[in-house]
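Visitor: Got a sequence here, can you model it:
(chains A and B)
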There are 2 protein chains.
Amino acid sequence: MGRTSDARSKILSAAQSLIELRGYSALGVAEICKTAGVPKGSFYYFFESKEGLALAVLDEHWAAQRGDWDRLLRSDQEPLLRLRQLFEETAAAQRAGQATCGTVSGCMFGNLTLELSNQTEAIRQRLQEIFDAQVDMVQEVITAAQQRGDVTVVDTREAARSVVAQLEGQVLFAKLYNNTASLGALWLNCLALLGARAPEPEVAAV
Amino acid sequence: MGRTSDARSKILSAAQSLIELRGYSALGVAEICKTAGVPKGSFYYFFESKEGLALAVLDEHWAAQRGDWDRLLRSDQEPLLRLRQLFEETAAAQRAGQATCGTVSGCMFGNLTLELSNQTEAIRQRLQEIFDAQVDMVQEVITAAQQRGDVTVVDTREAARSVVAQLEGQVLFAKLYNNTASLGALWLNCLALLGARAPEPEVAAV
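Guide: Numbers count the residues shown, from 1 in each chain, chains lettered A, B, ... in the order given. Model (predicted):
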């Protein structure tokens, strides 16, 4: 059992790296297995199809990211500062990826949404669930901020969607220009979108 | 000459439709020629490679869209209302695309940025030029609004980038959920990002 689950995780990890570098459509199962160092037969033991693998990669990636978002967005900090930390850690993760592989790889969920959501309904649905969950988590923080009178926004759902949309748009630019500097705008843009003022005086000077 | 340039434009038009439906990587030259109804030999008469075709598709698509953006963003309306019209026409174009092919296909430039910008430097550079030009045009409007005292934002370049980022992020959601309703948030979000008030009383009630 140790060896077979090892093969599954090698395939998942190879697929995740290859998808980040080259997208999904350009990949073949043979190449994924070669990169993973496992025989092609193993692939179909663990995954029904390449689409099945893509769903597993999304699940795995979201399980890890959801853990990070939980830690950041459900901390005991002031609500708006939790959002600021989310942006800072997102920028740090993109910089770390750039340092490792030479280019900003962006957000896997955004990448696969634009590459694939029109092509496979199963992947579209999974990506919808992931973005719904992200918007839920951001909305929870905005609602907490609203209850404290920190924001003037009324529709917290739409506001949360707008914050995540701004995040995806700026990460798109970071990928396009291979430069994470644009992510520095996220925090003040978020405050503007929420009708909030910076919760700490020194932040306003950023 | 009539026939050859006809073949070129058939190839471009087939490639644009196929890229909108299925992205770039999933396509082959043979399929593009078959859809265009031209012999494969014609392809290499007009285009050096599939990458060369992608660049031509981007140029053609931007030439058309730049014309629309010019008309909207350089009209003699109040500056902020020009931005509102850009959002309205963007939403209308996405709705029209959805009515024609059943799904919201999103922004071709955003789609290809996330699919390809890490893979081919020529395409990355062309997409950078296109987004630079979009940000230039939006910045020009924001500067005009700033001169009239309609907005409080200071860094017009960063503000323009944020407006375009928000547009790309909301178009991503429209594609993901196959629903253009999220685009309705663009106008009020733009006002928030620019530190502006709605220029006409009835707009505030939207």
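Visitor: By mean pLDDT, point me to the weakest helix or strand of chain A.
Guide: helix A:2-22 (a mean of 86; mean pLDDT, DSSP states H and E).
Visitor: contact partners of that one?
Guide: A:27, A:31-33, A:35-38, A:42-43, A:45-47, A:53-54, A:56-57, A:60-61, A:97, A:101, A:105, A:108, A:111-112, B:25, B:118-119 (C-beta atoms under 8 Å, 6 or more residues apart in numbering or on different chains). In short, each C-beta sits where N, CA and C put it, glycine included.
Visitor: Could you do stretch A:139-159 as well?
Guide: By C-beta under 8 Å, 6+ apart, stretch A:139-159 touches A:73-74, A:78-80, A:82-83, A:135, A:160, A:163, A:193-196, A:199, B:185.
Visitor: sorry, back to before: restricted to buried residues, select the contacts of helix A:2-22 in PyMOL.
Guide: Buried subset of those, written as a PyMOL selection, criterion 16 or more other C-beta atoms under 10 Å in any protein chain shown:
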select buried, (chain A and resi 27+32+33+35+36+38+42+43+46+47+53+54+56+57+61+97+105+108+111+112) or (chain B and resi 25+118+119)
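Visitor: among the contacts of helix A:2-22, which are in strands?
Guide: Using DSSP state E, no member of those falls in strands.
Visitor: Determine the number of other residues adjacent to residue A:100.
Guide: 10 (other C-beta atoms under 10 Å in any protein chain shown).
Visitor: oh, I was asking about residue A:41
Guide: Residue A:41 has 9 neighbours, counted by other C-beta under 10 Å.
Visitor: Mind pulling up the pLDDT for it?
Guide: What the model reports as pLDDT for residue A:41 is 88.
Visitor: what do you get for residue A:165?
Guide: 98.
Visitor: likewise residue A:121?
Guide: 93.
Visitor: tell me which of the contacts of stretch A:139-159 is nearest to residue B:176?
Guide: Of all the contacts of stretch A:139-159, the one with the least separation from residue B:176 (C-beta to C-beta) is residue A:135, at 11.3 Å.
Visitor: State the pLDDT value of the residue most central in space within chain A.
Guide: Nearest to the mean C-alpha position of chain A, by C-alpha atoms, centre = their mean, lies residue A:107 at 4.8 Å. What the model reports for residue A:107 is a pLDDT of 94.
Visitor: can you tell me how far it sits from residue A:58?
Guide: Computed as C-beta to C-beta, to the nearest Å, the residue A:107 to residue A:58 distance reads 12 Å.
Visitor: Put the buried members of the contacts of stretch A:139-159 into a ChimeraX selection.
Guide: Selection of buried members from the contacts of stretch A:139-159 for ChimeraX, criterion 16+ other C-beta under 10 Å:
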select /A:73,78,79,80,82,83,135,160,163,193,194,196,199 /B:185
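Visitor: Report the lowest-confidence entry in the contacts of stretch A:139-159.
Guide: residue A:199 (69).
Visitor: Scan chain A for its longest helix.
Guide: helix A:121-147 (DSSP state H).
Visitor: Now that helix: buried residues?
Guide: Within helix A:121-147, the residues scored as buried using 16+ other C-beta under 10 Å are A:123-124, A:126-128, A:130-131, A:134-135, A:137-146.
Visitor: can you map out the helices along chain A?
Guide: Using DSSP H, the helices of chain A run over A:2-22, A:29-36, A:40-46, A:50-73, A:79-101, A:108-116, A:121-147, A:156-176, A:186-194.
Visitor: which strands and helices sit next to the third one?
Guide: For helix A:40-46, the elements it packs on are helix A:2-22, helix A:29-36, judged by 3 or more C-beta pairs under 8 Å, 6 or more residues apart in numbering or on different chains; DSSP states H and E.
Visitor: what comes into contact with it?
Guide: For helix A:40-46, using C-beta under 8 Å, 6+ apart, the contacting residues are A:4, A:7-8, A:11, A:29-30, A:32-33, A:53.
Visitor: Excluding covalently adjacent residues, which one is nearest to residue A:169?
Guide: Leaving aside its chain neighbours, residue A:169 sits nearest to residue B:165 (3.1 Å; criterion: C-beta to C-beta, 6 or more residues apart in numbering or on different chains).
Visitor: Return the residues in contact with the one you found.
Guide: Residue B:165 neighbours (C-beta under 8 Å, 6+ apart): A:166, A:169-170, A:172-173, A:182, A:185.
Visitor: Residue A:123 now?
Guide: A:51, A:54-55, A:58, A:112, A:116-117.
Visitor: among those residues, which are within reach of chain B?
Guide: A:116-117 (C-beta under 8 Å from any C-beta of the partner chain).
Visitor: can I get the contacts of residue A:123 in JSON lines with pLDDT?
Guide: Below are these laid out as JSON lines (pLDDT from 0 to 100):
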{"residue": "A:51", "pLDDT": "94"}
{"residue": "A:54", "pLDDT": "95"}
{"residue": "A:55", "pLDDT": "96"}
{"residue": "A:58", "pLDDT": "96"}
{"residue": "A:112", "pLDDT": "93"}
{"residue": "A:116", "pLDDT": "86"}
{"residue": "A:117", "pLDDT": "80"}
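Visitor: Buried among the contacts of residue A:123? Make that a ChimeraX selection.
Guide: Here is the ChimeraX command that selects the buried residues among the contacts of residue A:123 (16+ other C-beta under 10 Å):
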select /A:54,55,58,112,116,117
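Visitor: Tabulate the contacts of residue A:123 in CSV, adding columns for distance to residue B:20.
Guide: Compiled in CSV, those are given as follows (distance: C-beta to C-beta, whole Å):
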residue, distance to residue B:20
A:51, 21
A:54, 21
A:55, 24
A:58, 23
A:112, 17
A:116, 13
A:117, 13
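Visitor: Now flag whichever of the contacts of residue A:123 is closest to residue B:93.
Guide: residue A:117 (18.2 Å).
Visitor: contacting residues for the closest residue in space to that closest one that isn't next to it in sequence?
Guide: Using C-beta to C-beta, 6+ apart and skipping residues adjacent in sequence, the residue nearest residue A:117 is residue A:124, 4.3 Å away. Counting by C-beta under 8 Å, 6+ apart, residue A:124 makes contact with A:116-118, B:176, B:178.
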